[in-house]
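Colleague: Next come a sequence and a model predicted from it.
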Amino acid sequence: MKRSRQILRWGVALVMLLSVGTARADRPTLSAYFSKDSVEVGDQFEYVIEIEKDRATEIGIPDFDGNPTPDDIKKRAENLLHISQFTAYDSDNLELVEDYAIDTLRVEGRRLHLRKRYKLAVMETGDMHLRPSILYFEKNRELPDTVYARDTLTLSVKRYEDLDTISFLVADPTSQQGFKVDSLMAAQQLRTDGINTQKDLPFRFMEVRDYVIYGIIALLILSLIIWLIATLLYRHMRKRETQVRVMPKIAPHIVANKALVELHNRKLWQNGKYKQYYTALTSIIRVYISERWSISALEYTTDEIIEALADVDIPRDSRMALVALLRTADMVKFAKAEPEAAENEENYLRAYYFVENTKVIDIEKVEGKEDITIETKIGE
């Protein structure tokens with residue numbers, strides 16, 4: 001009996017230890033840092049929080065928006081029961097410039113490694129101390145708990161070097177020193193002469209270091225891009241020069257005869273494709289006419305083609321054959337006529353002999369040839 005009670009006690013203790021360990025495991029951890037350790041009044045810097053938490057743990061991040069709209073306030077009130085945002089800074093010293101979305105750096109099982117960034121501007125001089133913190137919600141608890149980073153961050157805020165406090169002292173009988181700083185006069189001076197004086201001061205390298213580095217990097221990248229584009233264009237032009245060859249212009253009748261042979265081998269009308277056959281046949285003739293006499297036959301109707309060729313020296317039989325071919329093609333294309341086999345062959349021959357009887361003959365080659373006769377054969 002005693003042994004059973006002892007085992008029970010050890011079991012309860014073990015469960016309590018496991019529950020405590022689980023609770024500690026669910027508790028998020030965080031670290032934070034400033035992008036700069038010292039700035040001047042009005043300078044901008046980044047405040048970065050890195051959080052490690054369990055997937056199921058809800059957290060609340062700091063809210064640096066010091067001027068919320070009514071809609072923002074209503075939205076925050078609605079979200080307060082789930083993930084709260086809270087102010088963990090002095091709104092008189094810091095001003096939110098930009099609030100970045102939370103980034104997920106990596107995932108390790110159930111553990112998430114997150115990063116939250118803020119761009120802030122500082123408004124007061126001196127050393128500013130900030131203890132990084134977030135909220136998190138434990139299970140079965142209505143109120144959140146606060147998790148703090150191990151170290152407190154310190155930001156050194158320097159004043160403008162040209163702002164001389166002695167110049168703005170005025171008498172003050174109520175003060176123990178007998179004088180005080182006229183802040184209104186100092187602000188006015190800073191808005192006018194102070195800014196102009198800052199413009200006249202020589203630049204220090206640390207002030208423009210980032211711009212110089214980024215400028216050099218951008219210049220190198222731009223130079224590399226320009227070099228790559230120039231190289232690709234040069235290779236492309238060289239490749240085109242090697243590929244492009246001056247081809248002699250093929251005579252229109254040679255192109256037409258080749259196309260007619262290919263059309264004849266396709267046997268379109270033999271398979272009932274009359275419209276496709278006559279469309280291709282007349283297209284060949286229209287292209288030939290366009291190239292032979294510089295007439296836009298592809299855009300003309302049958303009547304316009306006949307009218308355009310009225311003043312052209314064409315044999316009468318060829319002109320009549322062309323008219324008959326074009327009229328038959330119009331009946332097939334627009335009236336869905338189906339000519340007989342003999343008529344289809346006849347129209348093909350009309351197209352062929354129209355090209356042969358109207359083609360341009362190279363007179364120089366014909367004159368340069370010696371007529372071959374029976375007498376010349378005997379003479380050889």
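Modeller: All right, it came through fine.
Colleague: hmm, who's touching stretch 250-267?
Modeller: 277, 280-281, 284-285, 287-288, 291-292, 348, 351-352, 355-356, 358-360 (C-beta atoms under 8 Å, 6 or more residues apart in numbering). Just so you know, the C-beta spots here come from the backbone N, C-alpha and C atoms, and that holds for glycine as well.
Colleague: one more time with 10 Å, if that's ok
Modeller: 249, 273, 276-277, 280-281, 283-285, 287-293, 345, 348-349, 351-352, 354-362 (C-beta atoms under 10 Å, 6 or more residues apart in numbering).
Colleague: ok, of these, which come out buried?
Modeller: 276-277, 280-281, 284-285, 287-292, 348, 351-352, 354-355, 358-359 (16 or more other C-beta atoms under 10 Å).
Colleague: Could you list the low-pLDDT ranges of the stretch 1-150 of the chain?
Modeller: Low-confidence segments of the stretch 1-150 of the chain (pLDDT under 70): 1-25, 62-92, 137-143.
Colleague: any chance you could map the helices in it?
Modeller: 2-26, 70-79 (DSSP state H, counting those that start in this stretch).
Colleague: quick one, strands of the stretch 151-300 of the chain?
Modeller: 153-158, 169-171, 179-181 (DSSP state E, counting those that start in this stretch).
Colleague: wait, which of these is closest to S35?
Modeller: strand 153-158 (10.1 Å; C-beta to C-beta).
Colleague: hmm, back to that, mind giving me JSON lines with the strands of the stretch 151-300 of the chain and columns for mean neighbour count, distance to R117 and mean pLDDT?
Modeller: Formatted as JSON lines, the strands of the stretch 151-300 of the chain follow (neighbours: other C-beta atoms under 10 Å; distance: least, C-beta to C-beta, whole Å; pLDDT from 0 to 100):
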{"stretch": "strand 153-158", "mean neighbour count": "15", "distance to R117": "14", "mean pLDDT": "83"}
{"stretch": "strand 169-171", "mean neighbour count": "11", "distance to R117": "41", "mean pLDDT": "71"}
{"stretch": "strand 179-181", "mean neighbour count": "13", "distance to R117": "36", "mean pLDDT": "68"}
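Colleague: possible to save these as a markdown table with distance to N93?
Modeller: Output for the strands of the stretch 151-300 of the chain, formatted as a markdown table (distance: least, C-beta to C-beta, whole Å):
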| stretch | distance to N93 |
| --- | --- |
| strand 153-158 | 8 |
| strand 169-171 | 25 |
| strand 179-181 | 19 |
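Colleague: Which ones among the contacts of stretch 250-267 lie within helices?
Modeller: Counted as lying in helices by DSSP state H, out of those, are 276-277, 280-281, 283-285, 287-293, 345, 348-349, 351-352, 354-358.
Colleague: out of the strands of the stretch 151-300 of the chain, nearest to I134?
Modeller: That would be strand 153-158 among the strands of the stretch 151-300 of the chain, by C-beta to C-beta, at 14.2 Å.
Colleague: packing partners for the closest one?
Modeller: strand 29-34, strand 38-40, strand 44-54, strand 111-122, strand 126-130 (3 or more C-beta pairs under 10 Å, 6 or more residues apart in numbering; DSSP states H and E).
Colleague: G215 is nearest to which of those strands?
Modeller: Nearest to G215 among those is strand 44-54 (19.3 Å), distances taken as C-beta to C-beta.
Colleague: Against which helices or strands is that closest one packed?
Modeller: helix 2-26, strand 29-34, strand 94-99, strand 103-108, strand 111-122, strand 133-137, strand 153-158.
Colleague: can you give me the helices for the stretch 151-300 of the chain?
Modeller: 183-189, 195-200, 205-243, 252-266, 274-293.
Colleague: Any idea which of the ones you listed has the lowest pLDDT on average?
Modeller: If the helices of the stretch 151-300 of the chain are sorted by mean pLDDT, helix 195-200 sits at the bottom with a mean of 47.
Colleague: quick one on the thing from earlier: V312: which of the strands of the stretch 151-300 of the chain is closest?
Modeller: Short answer: strand 153-158, nearest of those by C-beta to C-beta, at 92.7 Å.
Colleague: Adjacent strands (with direction) for the closest one?
Modeller: strand 38-40 (parallel), strand 126-130 (antiparallel) (DSSP bridges).
Colleague: now these in TSV, with distance to L219 and mean neighbour count?
Modeller: Converted to TSV, those look like this (distance: least, C-beta to C-beta, whole Å; neighbours: other C-beta atoms under 10 Å):
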stretch	distance to L219	mean neighbour count
strand 38-40	28	16
strand 126-130	37	14
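Colleague: Need those in a markdown table (columns: distance to L263).
Modeller: Listed next are the strands paired with strand 153-158 as a markdown table, based on distance: least, C-beta to C-beta, whole Å:
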| stretch | distance to L263 |
| --- | --- |
| strand 38-40 | 83 |
| strand 126-130 | 86 |
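Colleague: between those strands, which one is nearest to A337?
Modeller: Closest among the strands paired with strand 153-158, using C-beta to C-beta: strand 38-40, at 90.5 Å.
Colleague: which residues touch A32?
Modeller: 47-51, 62, 116, 130-134, 149-153.
Colleague: ok, and the closest non-adjacent residue to it?
Modeller: On the basis of C-beta to C-beta, 6 or more residues apart in numbering, the spatially nearest residue to A32 that is not a chain neighbour turns out to be P132, at 3.5 Å.
Colleague: for the one you found, what are its contacts?
Modeller: 30-33, 47-51, 62, 88, 147-153.
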